[in-house]
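> Kindly return the folded structure for what I paste below:
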Amino acid sequence: MAGVAKEGSAVKVFYRGTLEDGHVFDTNFGGEPLAFHVGAGEVIGGFDDAVRGMRPGERKLLTIPVEQAYGERDEEMVLELPRTQMPSGELTVGLAVQFHLEDGEEVDGILIAVGEDSVTVDFNHPLAGKDLVFEIEVVSVD
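Residues are numbered from 1 along each chain as shown. Presented below is the predicted three-dimensional model:
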C-alpha cells in the first residue's frame, strides 16, 4: 500500500501536543513539518505507533499514556549538588542547566531549589509523569 506510514517510512507530520488540561507544550502547525523515520526511535514510542497506518492528509487526535511518552517521574533523578558545580552567574529556580558527564554525554536539568551552599536539580524530562494529548496530521509518507 503506497502512501501508508509503516516501519521504516520517512514521514513528515504537523502536530500539537497538549497536556490533559489543554496547555499546549509544543506545536509545529504554521511552521515546518517534523520529519522522522517510523520505528527508528527518533520520537517517543506512542507518537511513532500513532503514525503507523496513517496516510498523507489524515488527521488523528489521541492520548499517549505516560508509559509510551516520557515515563514516570523518578525521584532519584532529583539531586542536591554543591553550588560550586553550577555555572557562574545568578541561579534562580526554574533555570535550565546542562551538565557534561565524564563520558562526554550531556544531561539537562532544572533548578528547583537554590540554597546558600547547594542547589537541587531535577533531571527528569519536564513531561515525565504526564499523559500527552497529540493532534497529528500526516503531510507526506515516503
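
> all strands for the chain, in order.
With strands called from DSSP state E, the chain shows them at 10-19, 24-27, 34-37, 59-64, 78-82, 96-100, 106-114, 118-122, 132-141.

> Just the CA coordinates for the third one, please, in CSV.
So the one you mean is strand 34-37. What follows is strand 34-37, C-alpha atoms only, in CSV (Å, rounded to 0.1, in the frame of the first residue of the first chain):
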residue,chain,number,x,y,z
LEU,A,34,8.6,17.2,11.7
ALA,A,35,10.5,14.7,9.6
PHE,A,36,11.3,11.2,11.1
HIS,A,37,11.5,7.6,10.2
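
> If you count contacts, what does it end up packed against?
Using 3 or more Cβ pairs under 8 Å, 6 or more residues apart in numbering; DSSP states H and E as the contact criterion, the elements in contact with strand 34-37 are strand 10-19. (C-beta placed from N, C-alpha, C; glycine too.)

> Farthest from the middle of this structure: give me that residue.
Taking Cα atoms, centre = their mean, the residue of the chain most remote from its mean C-alpha position is residue 116, at 32.0 Å.

> quick one on the thing from earlier: out of the strands of the chain, nearest to residue 88?
Closest of those to residue 88 is strand 96-100, at 12.0 Å (criterion: Cβ to Cβ).
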